[in-house]
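A.B. asks: generate a structure from the sequence data that follows.
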Amino acid sequence: MAGRQELHIALSAIALSMVSLAMPARAASVTIGVDALPGNCFPFSCYAYVGNSNYQQAYNSEAFPNKPITIESFDIFNAFSGLLDTATFDVYFSTSLHPVGGLSTTFATNIGPDNTLFGTYSLRGLMLQSFISFPGSNAFTYDPSRGDLLMNVVRTAGTGDGMFEAFFRADSSNSGVFQRIYGNAPVAYGRDHWGLVTRFYYTPGPLPVVGVGAAFCFSRKLRKRIKTRSGMNLKRAGGGERQGGVLDS
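C.D. replies: Next up is the predicted model:
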């Protein structure tokens, strides 16, 4: 009986620890960039009007926490309210193959092998709110130690009814935090060190599978150890071998 109780308590503790490890952490946020430009309409406001379809913005890895994170959503901020182009965008994230300061003007050569479609977004109408939020359909796990973050935006549809009305907060300080290219694939016509001020919401990186596996292996070893101890106690009390093996069921 003592062996069973010890096993039950031990396995319950393991189960609780595994549940707590698997539970998602509360999202934190980091805002990258400062207001060093009155505003910019690329790419989410006037892109259809000017005829552009491709935009890439790289973020210096040093602006993020020094650990793997999972990006769940991001915000961009209103600088001037106005009418947005009616347009649809695919937003991708990857670990950039080229760092801030070294982006290629060829769009495809900057995209990392972990390229992930974060979400598809349709924008239209009058922008009056202080920021626009982009929740991810597919969260992106980013490890800053592997390189800078690349946001790759592709306009898939749209009409230029917004002209140059709505502008977003942007950073033109050339501080090494941003670099962007813009135009139409395959080769951009523009490249500079501007960037949209961006707030990322994230949680710590996912629990490694090895952690769950290690807990499972430990539980099996614990069962065997308790079985052996229980069997020895039962023998000393006059019990049989078969009673000592009840824990295997």
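
A.B. asks: going forward, measure contacts and count neighbours with C-alpha atoms only.
C.D. replies: Noted.

A.B. asks: hmm, Gly136 is touching Thr116, no?
C.D. replies: No - look at Gly136 against Thr116 with Cα atoms under 8 Å: they stay out of range, at 10.5 Å.

A.B. asks: which helices and strands sit right next to the longest strand belonging to the chain?
C.D. replies: Secondary structure of the chain per DSSP state E: the longest strand is strand 82-95. Judged by 3 or more Cα pairs under 8 Å, 6 or more residues apart in numbering; DSSP states H and E, strand 82-95 is in contact with helix 47-50, strand 116-127, strand 131-142, strand 149-159.

A.B. asks: give me that answer again for 10 Å
C.D. replies: helix 47-50, strand 54-59, strand 116-127, strand 131-142, strand 149-159, strand 167-171 (3 or more Cα pairs under 10 Å, 6 or more residues apart in numbering; DSSP states H and E).

A.B. asks: of all those, which one is nearest Ser29?
C.D. replies: For those, proximity to Ser29 was assessed by Cα to Cα; strand 131-142 is nearest, at 12.9 Å.

A.B. asks: what angle sits between that closest one and strand 149-159?
C.D. replies: Counting by axes from the mean of the first three to the mean of the last three Cα atoms, to 10 degrees, strand 131-142 lies at 130 degrees to strand 149-159.

A.B. asks: what sits against the residue most central in space within the chain?
C.D. replies: The centroid of the chain falls nearest to Ile71 when counting by Cα atoms, centre = their mean (2.1 Å). Going by Cα atoms under 10 Å, 6 or more residues apart in numbering, Ile71 touches 27-29, 93, 118, 135-136, 138-142, 200-205.

A.B. asks: only whichever of the residues you listed are buried, select them in ChimeraX.
C.D. replies: Those of the contacts of Ile71 that count as buried under 16 or more other Cα atoms under 10 Å are selected in ChimeraX with:
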select :93,118,135,136,139,140,141,142,200,201,202,203,204,205
